[in-house]
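K.L.:
here you go, sequence then predicted model.
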Amino acid sequence: MSSDSFQRTIDWKQGLSIALGVPLLILPSIGTFATYLWAFAIIAWGLSVVQGFLQNMAYGELLATMFPNASGLPGFVQAVFGGEGSKLGKFIGGFSAWGYWFAWNPVLSIYSVLIGSYLKGIVPAFADTSLMYLSLGAGIIIFSFLILVNLRSISTSATLGYILAFVSLVPLFIICIAPFLTGDFHIEYITSSWLPTDWQWDMSGILLFLGIMATAQWSACAWETAAIYGPEYKDPKSDVPKALFSCGIICLITYIFVQTAVTGTLGIEGIIEQPVSPLLPMAQKTMGDLGSTIVIIVLIAAMVLIIQTAFNGSARSMHAMAQEKNLPSFFGKLTKNGTPLNAMLVIAVFNLLLIVLFTSIGETSLGPASILSASATGYVIANGISLAAYYKAKTDPKLSKIERPFKAPKGWKFVATFFAILNIPFYLIGILYLNTLDFGLGPVALGFIVLASFIPLWYFAQKEKH
């Protein structure tokens, strides 16, 4: 093992390439959002990405200039709350980082299970193979491959990101553009189906919408992960905002355009008939059998890219927590090339265990979709506390004096405060309501168990420190 500090070896384009899995996080939610909101899902995605711009403006100021050595949200939150010497502040900062880790970590197992299910459906030789074994096999191969790539350097991981982004994003846009060229896109499918006929903006409807927006945030605002590589950028004050907002623009285009194309081609009923993978019938409709083959290749490539984004982000979250003495030092070790290998190995094993859980009770309330919803709870908590940290950094007498070459517009602390309150308590209540409505108490309980598991780890780290 080498020093526990990352090496500055990448520029903003390389950071962007690794974060390009985020635009593809729309894939598993296209059908769910259309089922709940009909065509209004297009507006919801747009609002969520705009929210991402407003939140990430604050994050960019902190990460680009105030805390250039911090690993994204987990890094600067711990620096803000833990730097005052207060045990409570240190715990709050660590807990926020743990919530962020919980938001990204299950992505590995969820998409491994989805890859296994696609392989089972398209490869005749796998038709009678257990989904558990297929998913475990896919997970072991993908996790091992990504660990080996990262062992070389983060630059090698960025090169892989370029390749996967091209393989997945370009065909995805071709599939979505095709209906406009073939005449299969019908604007009336959108204009006549804005919201469900029984939708009401009563208390139930408002809570449901807040839950959906909290889930949307997990996908459409997650491009702040481009800042997770702050300690590895050559010039953080320039690279961080460039990587952040470039990824944000790509997300804004992708989320609105993809949901619009699918809704206008299939209509709400067509999406509801195949909510898990509506791109499949869409491609078949406009491109025939060849289209369906392309969709599968695109989805699998996209899932590997998403897994890489989540793998890197969650491993660096654990490293940041260990550096701040909020997790045992074991997770803070780096290889000579700056890879958090210990954290990556633990995350890989943990997700292989989750794959067994997902595939053994996948037909019950604890399937992959519900675990994704539970992990979004961690993201809501992380964003709420992170935005509160921005307000503290702007008003604290010591922190406010730190030079900031990149600054959010004047008065942005009030914008950050608004979204902090929106996340906690409103989004938090909404997502708990949505999860209970959809899946029962299982994912709610799972979310609290995982979040609460931080407490013994934190106490162990405090003992280890002394």
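P.N.:
All right, it came through fine.
K.L.:
how far does stretch 22-30 sit from the chain's center?
P.N.:
Mean-position distance between stretch 22-30 and its chain equals 10 Å (C-alpha atoms, centre = their mean, to the nearest Å).
K.L.:
just for this protein, where's the confidence low?
P.N.:
1-6, 64, 71, 83-85, 154, 157, 360-369, 465-466 (pLDDT under 70).
K.L.:
again, only this time at 50
P.N.:
1-2, 362-365 (pLDDT under 50).
K.L.:
ok, longest helix in it?
P.N.:
For the chain, the longest helix by residue count, based on DSSP state H, is helix 279-323.
K.L.:
which strands or helices does whichever helix or strand comes after that one pack on?
P.N.:
Next along the chain after helix 279-323, taking DSSP states H and E as the criterion, comes helix 341-360. Applying 3 or more C-beta pairs under 8 Å, 6 or more residues apart in numbering; DSSP states H and E, one finds that helix 341-360 contacts helix 107-122, helix 131-152, helix 279-323, helix 368-395. Any C-beta I mention is one placed from the backbone N, CA and C, and that applies to glycine too.
K.L.:
which one of the ones you listed lies closest to residue 39?
P.N.:
helix 279-323 (15.3 Å; C-beta to C-beta).
K.L.:
can you confirm residue 207 is in a helix?
P.N.:
Yes. Read with DSSP: H, G, I helix; E, B strand; the rest coil, residue 207 is one of the residues of a helix.
K.L.:
what about it, distance to residue 48?
P.N.:
Applying C-beta to C-beta, to the nearest Å, the value for residue 207 to residue 48 is 17 Å.
K.L.:
quick one: which of the two has more around it?
P.N.:
Set residue 207 next to residue 48 and count neighbours by other C-beta atoms under 10 Å: residue 48 wins out with 22 against 18.
K.L.:
quick check on residue 396: phi, psi?
P.N.:
phi -70, psi 130 (degrees, to the nearest 10).
K.L.:
what of residue 411?
P.N.:
Torsion angles, degrees, to the nearest 10, at residue 411: phi 80, psi 10.
K.L.:
quick one: it from residue 418, how far?
P.N.:
11 Å.
K.L.:
could you do residue 329 as well?
P.N.:
Per C-beta to C-beta, residue 329 is found 38 Å from residue 418.
K.L.:
identify the residues contacting stretch 121-129?
P.N.:
For stretch 121-129, contacts defined as C-beta atoms under 8 Å, 6 or more residues apart in numbering pick out 119-120, 134, 296.
K.L.:
so what's the residue most central in space within the chain up against?
P.N.:
For the chain, the residue nearest the mean C-alpha position is residue 222 (4.7 Å; C-alpha atoms, centre = their mean). Residues counted as contacts of residue 222 (C-beta under 8 Å, 6+ apart) are 22, 25, 52, 103, 379.
K.L.:
now do the contacts for the closest residue to residue 260 other than its chain neighbours.
P.N.:
Distances taken as C-beta to C-beta, 6 or more residues apart in numbering place residue 42 nearest to residue 260, at 5.3 Å, with adjacent residues excluded. Residue 42 makes contact with 190, 256, 259-260, 263, according to C-beta under 8 Å, 6+ apart.
K.L.:
next: residue 396.
P.N.:
By C-beta under 8 Å, 6+ apart, the neighbours of residue 396 are residue 80.
K.L.:
burial count for residue 202?
P.N.:
9.
K.L.:
re earlier: which of the contacts of residue 42 sit farthest apart?
P.N.:
Farthest pair in these, by C-beta to C-beta: 190 and 256, 11.8 Å.
K.L.:
count the neighbours of the closest residue to residue 359 other than its chain neighbours for me.
P.N.:
Closest residue to residue 359 apart from its sequence neighbours, by C-beta to C-beta, 6+ apart: residue 132 at 3.9 Å. Residue 132 has 17 neighbours, counted by other C-beta under 10 Å.
K.L.:
cool, and residue 25?
P.N.:
Residue 25 - counted by other C-beta under 10 Å - has 24 other residues nearby.
K.L.:
now do the strands in the stretch 151-300 of the chain.
P.N.:
Using DSSP state E, counting those that start in this stretch, no strands are assigned anywhere in the stretch 151-300 of the chain.
K.L.:
the more surrounded of residue 411 and residue 418?
P.N.:
More crowded of residue 411 and residue 418, by other C-beta under 10 Å: residue 418, with 12 against 9.
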